[in-house]
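[1] Quick one: sequence plus predicted model below, questions after.
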Amino acid sequence: MRLTDDERAMLDGAQGEAMQAAMDLLVRYGEVLGAERLVDTDNVCGANLFGSRHTMLCGSPEPDAVFSELSLDASSPVKVPPVRAQSYQLIGPMDTKRWDVQGVDEAERDAIMQSETFSAEHGIHLMNTCTPYQVGNVPVKGEHCAWMESSAVVYVNSVLGARTNVEGRESTGAAMLTGKIPYWGLHLEANRSATHHVRVRREISSDRDWGVLGYWVGEQVQEGIPVLEGITEVPNLVKLKHFGAAAASSGGVEMYHIPGVTAEARTVDEAYAGRAPAPVLEFGDDEYHATYDQLCGTARDRDVDLVMIGCPHATLGQVREVCRLLEGRRVHPDSALWVFTPRALRQVAEQNGYARALADAGAVLMSDTCPAIGQFLPKGTRVIATDSAKQVHYLPAIMNVQGWFGSLAECVDAATTGRWEGSGGR
Ligand code: F3S
């Protein structure tokens, strides 16, 4: 790999042990990937220091040692300096306010709060969300980034036209310190053109529709880049959030084109950028209903223990809509309703009275984490319901529960009646 003088100096240890470990990691990683060089980045989104509760419980409690081992793959602990790149902490294992609801004990809480202090002292912005693009980190078209979190990566590549691969905690840790990331994959113009052609033959309008479509597209194209035609209305942030998260879960989609909507290709031809067009994949009613049934494939019992909203983290509009749907109703005593939003939006939700409205109805507004990442559910939970194709893909597998998938209204109905009556639009 070709290195600049500055990069070579870091690798040789001229800027300290931590920079040396970070550059060594990036060079090893880049060489495996076939990258010829590194690229500058000033926008890095990486993991919470501990990543998950299990990591925290198994690892050393000393933050420099944890960062050295888990984020730099260093052979021995190094003193970690402040980050060089603008760096943002993604979602973590615990809600720093409602850790009691999660069932986190005080020792775990204290360790996570210590990790927050470590991140803040090192200049890592405590966004604590999987949707940094909702709360101030909105990269511009063509900007080279280093982001973890598949649902955020597919959003910024596609909707915003920024450039990032799905990075890991080690590469983002090293990128935070050095401001560098291997120049490969979706950083390169040549790798951003369409590989698959999806023709949508039914109306796609609700949030649920976009989740189902995304899940089907991901299964079809796996790690390819689809271009979609047949979309008849401009989807908003919530719909694109659901679509991308679902496509990244069932496959490994990191980028897609919807001409007229996404940032780069204005037409299907432009999406191919001179490549031979791919065979057309057709999405109609049969594909829709089969995918919906697949998403509810783990569910048998209709008594719902937990309804989870906010995967990826909810917008203020979604929080407000939950409040509206709950008006005059209460969460069923045998059920729970958890709504997850970014930490910064939770503060707005508190100012606007949404948090109070949710609490009055027996729901809980949470931030910083989610059940899949934090690996927590109310005690005894056997059946969950959610409006997120991504969450219903992961939670049954991770937490051994049954999962229903449906619209936001169906989910709130389930939370207030304790029963799932969703129909999948049939
Ligand atoms: Fe975010 Fe957790 Fe979903 S990280 S995208 S809420 S699985």
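    Cool, got the structure.
[2] Would you enumerate the residues in contact with His257?
    Residues near His257 by CB atoms under 8 Å, 6 or more residues apart in numbering: 158, 194, 225-228, 264-265, 271. Just so you know, the C-beta spots here come from the backbone N, C-alpha and C atoms, and that holds for glycine as well.
[3] now do 7 Å
    Neighbouring residues of His257 by CB atoms under 7 Å, 6 or more residues apart in numbering: 194, 227, 264-265, 271.
[4] before we move on, what about Thr416?
    Applying CB under 7 Å, 6+ apart to Thr416 gives the contacts 329-332.
[5] and with 8 Å instead?
    Residues in contact with Thr416 (CB under 8 Å, 6+ apart) are 326, 329-332, 335.
[6] before we move on, what about Ala85?
    For Ala85, the contacting residues are 41-44, 146, 175-179, by CB under 8 Å, 6+ apart.
[7] Before we move on, what's the pLDDT of it?
    As predicted, Ala85 sits at a pLDDT of 98.
[8] With Phe67 instead?
    89.
[9] quick one: secondary structure of it?
    Classification of Phe67 using DSSP: H, G, I helix; E, B strand; the rest coil returns helix.
[10] Look up the closest residue to it, ignoring the ones flanking it.
    Of all residues not flanking Phe67 in the chain, Val80 sits nearest, at 4.9 Å (CB to CB, 6 or more residues apart in numbering).
[11] Then Ala409?
    Spatial nearest neighbour of Ala409, chain neighbours left out: Leu325 (5.9 Å); criterion: CB to CB, 6+ apart.
[12] can you count the residues close to that neighbour?
    17 (other CB atoms under 10 Å).
[13] Let me know whether it touches Leu408 as I believe.
    Yes. Counting by CB atoms under 8 Å, Leu325 touches Leu408, with 6.9 Å between them.
[14] Which of the contacts of His257 sits closest to Asn48?
    For these, the closest approach to Asn48 (CB to CB) belongs to Glu264, at 31.4 Å.
[15] Next, give phi and psi for the closest one.
    Dihedral angles of Glu264 (phi, psi; degrees, to the nearest 10) stand at phi -100, psi -70.
[16] separation between the closest residue in space to Gly13 that isn't next to it in sequence and the ligand?
    Distances taken as CB to CB, 6+ apart place Gln20 nearest to Gly13, at 4.3 Å, with adjacent residues excluded. Taking CB to the nearest ligand atom, to the nearest Å as the measure, Gln20 and the ligand are separated by 32 Å.
[17] Any chance of CSV for the contacts of His257, columns secondary structure and distance to Val217?
    Below are those laid out as CSV (DSSP: H, G, I helix; E, B strand; the rest coil; distance: CB to CB, whole Å):
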residue, secondary structure, distance to Val217
Ala194, coil, 12
Val227, strand, 11
Glu264, coil, 17
Ala265, coil, 16
Ala271, helix, 14
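[18] Least confident secondary structure element in the protein?
    The helix or strand of the chain with the poorest confidence is helix 53-58; it has a mean of 56 (mean pLDDT, DSSP states H and E).
[19] sorry, back to before: now, the most widely separated pair of the contacts of Ala85?
    Asn43 and Leu177 (14.3 Å).
[20] who has more neighbours, these two?
    Legend: neighbour count by other CB under 10 Å for Asn43 and Leu177, higher for Leu177 (29 against 24).
[21] Now do the helix or strand encompassing the more buried one: which elements does it pack against?
    Applying DSSP states H and E as the criterion places Leu177 in helix 169-178. Using 3 or more CB pairs under 8 Å, 6 or more residues apart in numbering; DSSP states H and E, the elements in contact with helix 169-178 are helix 17-33, strand 44-46, strand 146-147, strand 180-182.
[22] How about the longest one, which residues are buried there?
    In other words, helix 17-33. By neighbour count on 16 or more other CB atoms under 10 Å, the buried set for helix 17-33 is 17-27, 29-30.
[23] In JSON lines: those residues, plus pLDDT.
    Formatted as JSON lines, these follow (pLDDT from 0 to 100):
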{"residue": "Glu17", "pLDDT": "96"}
{"residue": "Ala18", "pLDDT": "96"}
{"residue": "Met19", "pLDDT": "97"}
{"residue": "Gln20", "pLDDT": "97"}
{"residue": "Ala21", "pLDDT": "96"}
{"residue": "Ala22", "pLDDT": "97"}
{"residue": "Met23", "pLDDT": "98"}
{"residue": "Asp24", "pLDDT": "97"}
{"residue": "Leu25", "pLDDT": "97"}
{"residue": "Leu26", "pLDDT": "98"}
{"residue": "Val27", "pLDDT": "98"}
{"residue": "Tyr29", "pLDDT": "97"}
{"residue": "Gly30", "pLDDT": "98"}
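[24] quick one: which of those is nearest the ligand?
    For these, the minimum distance to the ligand (CB to the nearest ligand atom) is 23.1 Å, reached by Tyr29.
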